[in-house]
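Trainee: Below are the sequence and a predicted model; questions follow.
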Amino acid sequence: ETLGSGKVRFAWRPSAGSGGKSQMIATASIKNGLLVLHLFRRDGSIYNQHTLGAGACQWMEWESKGTTLGVLQEGVGIVLWEMPPPDSSELTAPISLCPSITLHSSFC
């Protein structure tokens, strides 16, 4: 119900200093026709979520330190979501990265 129906993409957030265990997982799924990103804590509770609009997730990956999540959204381009440090309660919002460039570039 939280994730919607259909395929779900996920990526564990790299951890630093937590004994090698990642403490959060990012998911991307379609709910009511829109792409929804969730960030879940290890206990299953939702830390943060955002609706990005129409277009499925084609790819999703954390950078090596776990501070930025990259999402390639069909028909939109690359979206970056910069995260606060793991011990912070601050919430952030995803930002689009030059949609007109990423849609027409060969590296996508």
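Mentor: It's in. Residues are numbered from 1 along each chain as shown.

Trainee: use CA for all of it now, contacts and neighbours both
Mentor: Noted.

Trainee: dump the residue contacts of residue 91.
Mentor: 48, 83-84 (C-alpha atoms under 8 Å, 6 or more residues apart in numbering).

Trainee: Make a ChimeraX selection of the buried ones in those.
Mentor: Buried residues within the contacts of residue 91, by 16 or more other C-alpha atoms under 10 Å, are selected in ChimeraX with:
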select :83
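
Trainee: Serialize the contacts of residue 91 to a markdown table and add fields for distance to residue 76 and secondary structure.
Mentor: Output for the contacts of residue 91, formatted as a markdown table (distance: C-alpha to C-alpha, whole Å; DSSP: H, G, I helix; E, B strand; the rest coil):
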| residue | distance to residue 76 | secondary structure |
| --- | --- | --- |
| 48 | 21 | strand |
| 83 | 21 | coil |
| 84 | 24 | coil |
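
Trainee: With distance to residue 54 added, can I get the contacts of residue 91 in CSV?
Mentor: Converted to CSV, the contacts of residue 91 look like this (distance: C-alpha to C-alpha, whole Å):
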residue, distance to residue 54
48, 19
83, 23
84, 26
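
Trainee: for the protein, which spans come out with low pLDDT?
Mentor: 16-21, 85-88, 93-108 (pLDDT under 70).

Trainee: What segments of it are helices?
Mentor: 99-103 (DSSP state H).

Trainee: just the strands in it please.
Mentor: Taking DSSP state E as the criterion, the chain carries its strands at 8-12, 24-31, 34-41, 46-53, 57-62, 68-73, 77-82, 95-97.

Trainee: helices or strands next to the third one in the packing?
Mentor: So the one you mean is strand 34-41. strand 24-31, strand 46-53 (3 or more C-alpha pairs under 8 Å, 6 or more residues apart in numbering; DSSP states H and E).

Trainee: buried residues in it?
Mentor: Buried-residue list, strand 34-41, by 16+ other C-alpha under 10 Å: 35-40.

Trainee: next one: the fourth one
Mentor: Along strand 46-53, these residues count as buried under the neighbour rule (16+ other C-alpha under 10 Å): 49, 51-52.
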